[in-house]
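[1] Please find the sequence and the predicted model below.
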Amino acid sequence: MKMPDISFRTRKWVRPEDLNANGTLFGGSLLKWIDEEAAIYAIIQLGNGRAVTKYISEINFVSSAVQGDLIEMGLTATKFGRTSLTMRAEVRNMITRQSILTIEEIVFVNLGAEGKPEPHGYDKITYDRDRIPTDHLREFQ
């Protein structure tokens, strides 16, 4: 099974601590990984370290993975709102080539310094690292 065109991919190795009582990948672990990767992707696309998860649509679990499997998570930006970024997620098992999960919509909101939604000013995906926020670096210099 070929993954659709994906803007961002990451891989994870399924380890013993990621398993549920059935010996398969725990859905909570997988959702945590997806939310973390989606947050990183949103931060890069919005150029702001204060992007937060607003909404996750229906999660469609299709199959699972077992200890030792390698999984690949793919994210694609599908829409830029005035203060938000919507993306789609797909996860597949790299060993079996089966789809594990799809999520049609994950929405992140760009927050300002006051913690309120703020326009981000972008309307397209970037592959340039110029949007990576560096404000936090000043604290450590």
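    Okay, I see it.
[2] Check what pLDDT I132 gets.
    At I132, the model reports a pLDDT of 75.
[3] Distance of it relative to L46?
    Counting by Cβ to Cβ, to the nearest Å, the separation of I132 from L46 is 10 Å. Backbone N, C-alpha and C define where each C-beta goes, glycine included.
[4] So these two - more neighbours on which side?
    Neighbours per residue (other Cβ atoms under 10 Å) separate I132 from L46, with L46 holding more: 25 against 13.
[5] Distance check, the more buried one against T76.
    Using Cβ to Cβ, L46 is found at 15 Å from T76.
[6] wait, what's in contact with the residue nearest to the spatial centre of the chain?
    Geometric centre of the chain, nearest residue: A38, 2.1 Å, by Cα atoms, centre = their mean. Going by Cβ atoms under 8 Å, 6 or more residues apart in numbering, A38 touches T53, L75, M87, A89, I106, F108.
[7] In three-state terms, label it for me.
    helix (DSSP: H, G, I helix; E, B strand; the rest coil).
[8] Please read off the pLDDT at it from the model.
    Looking at A38, the pLDDT reads 96.
[9] now swap in G81 and tell me
    96.
[10] Can you list phi and psi of it for me?
    Main-chain dihedrals, G81, degrees, to the nearest 10: phi -90, psi -180.
[11] Contact partners for the closest residue to L25 other than its chain neighbours?
    Using Cβ to Cβ, 6 or more residues apart in numbering and skipping residues adjacent in sequence, the residue nearest L25 is A65, 4.3 Å away. Taking Cβ under 8 Å, 6+ apart, we find A65 in contact with V14, T24, L25, I71, N93, I95, T96, I100.
[12] mind checking how far the first one is from D35?
    Separation of V14 from D35 (Cβ to Cβ) stands at 17 Å.
[13] more neighbours, those two?
    Between V14 and D35, counted using other Cβ under 10 Å, the more crowded position is V14 (22 against 15).
[14] I'd guessed that one sits against I71; true?
    Yes. Counting by Cβ atoms under 8 Å, V14 touches I71, with 6.5 Å between them.
[15] list residues touching both of the two?
    When contacts are counted by Cβ under 8 Å, 6+ apart, the set common to V14 and I71 consists of L25, A65.
[16] Many thanks, have a good one.
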